[in-house]
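1. Kindly generate the corresponding structure for this input.
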Amino acid sequence: MNTVHQVPDLSRLSSRIPAAPSIGSTTVTKPDHIHLSFGFAADSLFPLEALEQSAQQAIRQDGARALQYSGAPGPAYILDWIQSRAASYGIDAETAQILVTNGATQGIALAAQLLLEPGDEVWVEAPTFFSALQAFRLCGASIRAFPIDGEGVQVDKLEEALIAAVHEGRPVPKLFYTMPVYHNPGGVTLSLSRRRQLADLARRYNFYIVEDDAYAELNFTGETFISLYELAPERTIYLNTFSKIIAPGIRLGWMIAHPLLVSRLRILMLGSSTAVFTQEIVAHLLKQLDFEQHRAQLIRHYWRQRDIMVTAIRSELGDEVSFELPEGGFFLWLTFPDQVNTAEMQYIAERHGVSYVAGSHFYHDDSGHNHLRLCFSYCTADRLTEGISRLAAAYREYREEHLHQGVDSYSQH
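-> Predicted coordinates:
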């Protein structure tokens, strides 16, 4: 009997699992489509030859041992590399405080599982990373969001909410999730004064900060930032990843936290170590790679990509949009006039052969209707320019359609 098309009984699924939303236009497969929605690294920057050599070395030098549960020397080397790299950013951590994960996103999910009971308060930035929102929803959390501006999350509003919650006998958050450097999607960086204020609030009100530092290495200005972990190590769970600096497909990231928290996190890993053979390969890669030279190449490329996209936006869209200029990372966050709904405009953009991620995906309450996220890291330079041209054409078509329906104030912000 053919059972391929039989529908499973969805009533038997856990009530914690929501229907999966479609994020952006990631299912468009036409060869001429320009994917400004994809938050991907540039293919051309993957160290393919070095990875090939490293994979061969992992097999030839470490053999069957590298394929066992605990691996060979690679995982220990990875821990030492992470410890050393973290120290260069002011984070003092022993290897017992480091847990290698299946990318930074698994780190978010593990932190949520560690800290949250159904109904607990989670406070986030608005906008914020949509996969983090999904992780918190899966834990049954109650989510509250606080706006960002050019200096990151508005910590004063967070403090006001904490004071009010205590005064009114309402719960304070179990955790605050933040991406303080080259925010996804906002592109902004949290100022030092706000970092200090946030760390102080975490201590005073007894909540954890989950610090997602995935883009910290992609710094266009050379400026370094004091991490929230450095300011409040006992109140912070720090996340980072190899996805942006080597390749996302290797699926390796890491968490740094107090040893007692890491011991609990290991329980959630069910006794497993993350991709030990992949760690073996990456260890060999890091031994032969001039990492600072490699990082400098990444920065030069993404910096140039950002400038190409910004130039195209200013040429094609002018004063119709506004944005904060990101000084690192992958993303640019566009704000259109209030009357624009980017989720509706998305279908017109697809007809024009370009995709983006509508702003509503980055809010827990589906607000953000007049924003969208663009990624400048993935497409080639000419495709970036053409993609913005197509986006501008889609916006003009959307505007004309709505003008004909009586909306006549698109020129106002």
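2. give the contact list for Arg235.
-> 199, 202-203, 207-209 (C-beta atoms under 8 Å, 6 or more residues apart in numbering). Bear in mind the C-beta positions are built from the backbone N, C-alpha and C, glycine included.
3. again, 10 Å this time
-> Arg235 makes contact with 175-176, 198-209, 228-229, 257-258, according to C-beta atoms under 10 Å, 6 or more residues apart in numbering.
4. Equivalent analysis for Ile388, please.
-> Contacts of Ile388 (C-beta under 10 Å, 6+ apart): 34, 36, 308-317, 354, 374, 376.
5. Are we agreed that it is in a strand?
-> No: applying DSSP: H, G, I helix; E, B strand; the rest coil, one finds Ile388 to be helix, outside a strand.
6. Look up how far Leu372 lies from it.
-> Counting by C-beta to C-beta, to the nearest Å, the gap from Ile388 to Leu372 is 12 Å.
7. which neighbours do those two share?
-> Residues touching both Ile388 and Leu372 (C-beta under 10 Å, 6+ apart): Leu36.
8. In strands, which of the contacts of Ile388 fall?
-> Counted as lying in strands by DSSP state E, out of these, are 34, 354, 374.
9. Do I have it right that the first one meets Gly387?
-> Spelled out, that is Ile34. Yes: applying C-beta atoms under 10 Å, one finds Ile34 in contact with Gly387, separated by 3.8 Å.
10. and the contacts of Arg235, which are buried?
-> For the contacts of Arg235, a burial check counting by 16 or more other C-beta atoms under 10 Å picks out 175-176, 198-199, 201-202, 205, 207-209, 228-229, 257-258.
11. Now, the residues you listed that are in helices?
-> Counting by DSSP state H, those place 198-199, 201-202, 205, 228-229 in helices.
12. From these, pick the one nearest Thr335.
-> Taking C-beta to C-beta as the measure, Thr335 lies nearest Leu198 of these, at 24.3 Å.
13. sec struct for Ser14, please.
-> At Ser14 the chain is in coil, as set by three-state DSSP.
14. neighbours of it, just the number please.
-> 6 (other C-beta atoms under 10 Å).
15. quick one on the thing from earlier: of the contacts of Ile388, which is the nearest to Gly74?
-> For the contacts of Ile388, the nearest to Gly74 is Phe376 (33.1 Å; C-beta to C-beta).
16. quick one: Ile143 is in a helix?
-> No: per three-state DSSP, Ile143 lies outside any helix segment and is strand.
17. per-residue confidence for it?
-> Note for Ile143: predicted pLDDT of 98.
18. Next, the contact list for the closest residue to it other than its chain neighbours, please.
-> Leaving aside its sequence neighbours, Ile143 sits nearest to His364 (C-beta to C-beta, 6 or more residues apart in numbering; 4.2 Å). Shown in contact with His364 (C-beta under 10 Å, 6+ apart): 122, 124, 126-128, 130, 132-133, 136-137, 141-145.
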